[in-house]
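*Asks:* Okay, predicted coordinates and the sequence, questions at the end:
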Amino acid sequence: MISVAIVDYDIGNHNSLLYTLKSLEFDVKISKDIEILSNSDVLILPGVGAFPKAMDLLKLNNLSNFLIEWSSKNRPIIGICLGMQLLCRKSYEYKDSEGLGIIDGEIVALSNNQCHIGWNSINDVQKSDFLFSKGHDFYFNHSYKFIGDKSFVIGSTEFNDENIAAIIKNKNIIGVQFHPEKSQEAGKILLSFTIKKLIND
């Protein structure tokens with residue numbers, strides 16, 4: 001059975017993610033214990049709230065260096081919403097903040113300080129086996145977005161005529177700007193496919 005660890009750094013919707021992953025019959029744990037995390041096949045980095053506080057909490061829980069080292073070995077990480085943004089090099093939310101730097105890109109506010117809340121479909125940006133999401137809508141709730149090298153963006157969405165990176169990828173590290181755990185059956189399919197694909201590659 002594939003083991004999945006949800007990284008607990010005192011922020012994020014752990015419970016809804018836990019129930020969703022358990023319903024997919026993965027062996028799931030929520031932990032901040034590095035030994036437990038190290039013995040998992042896939043890490044999931046969730047997140048709700050502000051980037052600077054989230055990075056402070058990762059450092060406080062001694063998790064930032066662990067995640068960087070894990071990624072350097074090309075071991076799988078899935079970042080969700082704020083978790084996706086934390087994978088990047090820098091954010092301008094409230095102040096300039098350094099991220100994990102696992103995916104080279106920056107996090108900037110949406111145009112006119114908009115907040116993108118609701119269901120949107122995902123468009124292909126480049127050919128990828130991970131674009132299993134076509135034809136489904138996913139739930140977004142964010143006011144900042146990824147900008148960076150287009151080679152990292154494999155899926156995008158549109159909100160008020162603004163293009164937003166919906167799925168970013170660097171080797172075995174994937175970030176999704178939406179919430180698959182809140183996206184009903186489409187989210188379950190996406191999580192199941194992504195986890196199995198990351199393990200088998």
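*Replies:* Perfect, thanks for sending it.
*Asks:* Could you identify the longest helix within the chain?
*Replies:* helix 184-200 (DSSP state H).
*Asks:* on contacts alone, who are the packing partners of that one?
*Replies:* Packing partners of helix 184-200 (3 or more Cβ pairs under 8 Å, 6 or more residues apart in numbering; DSSP states H and E): helix 14-23, strand 42-45, strand 77-80, strand 137-142, strand 173-176. Where you see a C-beta, it was placed from the backbone N, CA and C, and this is true even at glycine.
*Asks:* out of these, nearest to residue 151?
*Replies:* Closest of these to residue 151 is strand 173-176, at 13.4 Å (criterion: Cβ to Cβ).
*Asks:* name the helices or strands packed onto that closest one?
*Replies:* Contacts defined by 3+ Cβ pairs under 8 Å, 6+ apart place strand 173-176 against strand 77-80, helix 82-86, strand 162-170, helix 184-200.
*Asks:* Check the offset of the worst-scoring helix or strand of the chain on mean pLDDT from the chain's centre.
*Replies:* The weakest-scoring helix or strand in the chain, judged by mean pLDDT, DSSP states H and E, is strand 123-124 (a mean of 80). Distance, stretch centre to chain centre, for strand 123-124: 18 Å (Cα atoms, centre = their mean, to the nearest Å).
*Asks:* which residue of this protein sits farthest from its center?
*Replies:* Distance from the centre of the chain peaks at residue 112, with 24.1 Å (Cα atoms, centre = their mean).
*Asks:* Next, work out how far apart that one and residue 161 are.
*Replies:* When distance is defined by Cβ to Cβ, to the nearest Å, residue 112 is 11 Å away from residue 161.
*Asks:* Residue 142 too?
*Replies:* 17 Å.
*Asks:* So for those two, which residue has more residues nearby?
*Replies:* The residue with more neighbours, out of residue 142 and residue 161, is residue 142; 21 against 6, by other Cβ atoms under 10 Å.
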